[in-house]
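Participant: give me coordinates for this.
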Amino acid sequence: MRVMVLVAICAVCLSFVTLAKAGEPRIISADGSITETVYALGAQDRLVGVDTTSNYPEAVNSLPKVGYLRALPFEGVLALKPDVLLTTDEAEPARTLERLEQAGVAVVQLPLARSPADTMARIREVGRIVGKEARADAMAAEMQKRIADIGIAEDPPPAGSASARVLFLMAAGDHGVMMAGRNTAGQALLQAVGARNAIPDVRGYKPASREALLASHPDAIVVAESRPGQFRIDQWPQLAALDAWKQGRYYVGDSMLLLGFGPRLPKAMKEVASLLKEAEQVASNGH
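Facilitator: Numbering: from 1, shown residues only. The predicted model follows:
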């Protein structure tokens, strides 16, 4: 898949040479963190549309929305006459992507980012695609410095260590509240800040249940909201009953900030790392 991605990127770069003769390429970004990266690089004037996961920065809301990146409509995308669809491996359906390529749209699917290194690599790739290589290199270097300043160990904590156990929840709109287990962006963020997942035996995102929440015994709690104010603790008394919540060791924040692994990753890591300071003291004293 990585080879296919690099081939696609090379093809797009070559197409940009041709497109530059007639003006800047028209880009649709179908991924919130990629859209945020395009804005951070100062290339937002290339965007003619975005998907529904793209809601930051605020200015992006003035652009046409083409639908959800996992259910992209062929007609909706093509109607904006893009030269490039810039998205990730999560983009679907495959048939829509194939038809867009047949219609002359360059479809670039970048790998998902699940670590600081992945994030910096993706920023550089987006920079090359939009012709902002120098700015992307500078942004990645600044990100690396900001993460280093947080003071997080590079290696993940070993099993059985005294690092804090964190319950990561996602308030997912109509899907209710989900618990983030292994192989999720929530787990990846916890690993990036040196924390352990409070539900290590769970794989993927699972609906939160009263029994599971009470059994998790977390030292800290992180809640990612799809929309501001979406999560209401009064609807989750079992969560409010946990010591971590009662003692204020929780953080509720924007899901794209916490799960996007985009330009704001250092901010997300710093917020969670700050929460962990007191939690780690609890962890070292035992449960």
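Participant: what is the mean pLDDT for stretch 52-67?
Facilitator: Confidence over stretch 52-67 (mean pLDDT, whole number) is 96.
Participant: can you list the buried residues in that stretch?
Facilitator: With burial defined by 16 or more other CB atoms under 10 Å, the residues of stretch 52-67 counted as buried are Thr53, Ser54, Asn55, Tyr56, Val60, Leu63, Val66. Backbone N, C-alpha and C define where each C-beta goes, glycine included.
Participant: quick one: which of these is nearest Met269?
Facilitator: Met269 has its nearest neighbour among the buried residues of stretch 52-67 in Tyr56, at 16.9 Å by CB to CB.
Participant: does the closest one count as helix, strand or coil?
Facilitator: Secondary structure, DSSP: H, G, I helix; E, B strand; the rest coil: Tyr56 is coil.
Participant: that one and Gly32: what is the separation?
Facilitator: 7 Å (CB to CB, to the nearest Å).
Participant: sec struct for the residue lying closest to Ala220 once chain neighbours are set aside, please.
Facilitator: Counting by CB to CB, 6 or more residues apart in numbering, Ala279 is the residue found nearest to Ala220 once chain neighbours are left out, at 3.9 Å. Using three-state DSSP, the secondary structure recorded for Ala279 is helix.
Participant: what is the burial count for Ala279?
Facilitator: Residue crowding around Ala279 was assessed by other CB atoms under 10 Å; the count is 22.
Participant: got a list of what Thr53 touches?
Facilitator: Ala30, Asp31, Gly32, Tyr68, Leu69, Met256 (CB atoms under 8 Å, 6 or more residues apart in numbering).
Participant: please flag which of those sit within helices.
Facilitator: Taking DSSP state H, the ones among these that sit in helices are Gly32, Met256.
Participant: buried among the contacts of Thr53? Make that a ChimeraX selection.
Facilitator: Applying 16+ other CB under 10 Å to the contacts of Thr53, the buried members can be selected in ChimeraX as follows:
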select :30,31,32,69,256
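Participant: now the contacts of Thr53 in CSV, with distance to Leu41?
Facilitator: Compiled in CSV, the contacts of Thr53 are given as follows (distance: CB to CB, whole Å):
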residue, distance to Leu41
Ala30, 17
Asp31, 15
Gly32, 15
Tyr68, 24
Leu69, 20
Met256, 17
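Participant: what's the closest of the contacts of Thr53 to Glu90?
Facilitator: The shortest gap between Glu90 and any of the contacts of Thr53 belongs to Leu69, at 6.1 Å (CB to CB).
Participant: tell me where the stretch 51-200 of the chain has helices.
Facilitator: Chain-ordered helices for the stretch 51-200 of the chain, with DSSP state H, counting those that start in this stretch as the definition, fall at 74-78, 94-102, 116-129, 133-150, 185-192.
Participant: highest average neighbour count across those helices?
Facilitator: Between the helices of the stretch 51-200 of the chain, helix 185-192 has the highest mean count of neighbours, a mean of 23, where neighbours are mean count of other CB atoms under 10 Å.
Participant: break this structure down into its domains, please.
Facilitator: 2-148, 165-284 (automatic domain parsing).
Participant: ok, back up a step: relative to Ala141, how far out is the residue nearest to Ala220?
Facilitator: Counting by CB to CB, the gap from Ala279 to Ala141 is 31 Å.
Participant: low-scoring stretches of this protein, by residue?
Facilitator: In the predicted model of the chain, residues 1-23, 153-162, 173-175, 281-287 satisfy pLDDT under 70.
Participant: and if we set it to 90?
Facilitator: Counting by pLDDT under 90, the chain has low-confidence residues at 1-24, 151-164, 172-176, 209-212, 214, 226-230, 232, 235, 276-287.
Participant: thinking again about what came up before, correct me, but the residue nearest to Ala220 touches Tyr250?
Facilitator: No. Shown here, Ala279 and Tyr250 do not form a contact pair, counting by CB atoms under 8 Å, at 9.7 Å.
Participant: need the overlap of contacts for those two.
Facilitator: Both Ala279 and Tyr250 are in contact with Ala220, Ala244, where contact means CB under 8 Å, 6+ apart.
Participant: thinking again about what came up before, which one of the contacts of Thr53 is nearest Leu214?
Facilitator: Using CB to CB as the measure, the one of the contacts of Thr53 that approaches Leu214 most closely is Met256, at 29.2 Å.
Participant: the closest one: what's it in contact with?
Facilitator: Going by CB under 8 Å, 6+ apart, Met256 touches Gly32, Ser33, Glu36, Thr53, Asn55, Tyr56, Gly262.
Participant: ok, these vs Leu97, which is closest?
Facilitator: Closest approach to Leu97 among the contacts of Met256 (CB to CB): Thr53, at 16.6 Å.
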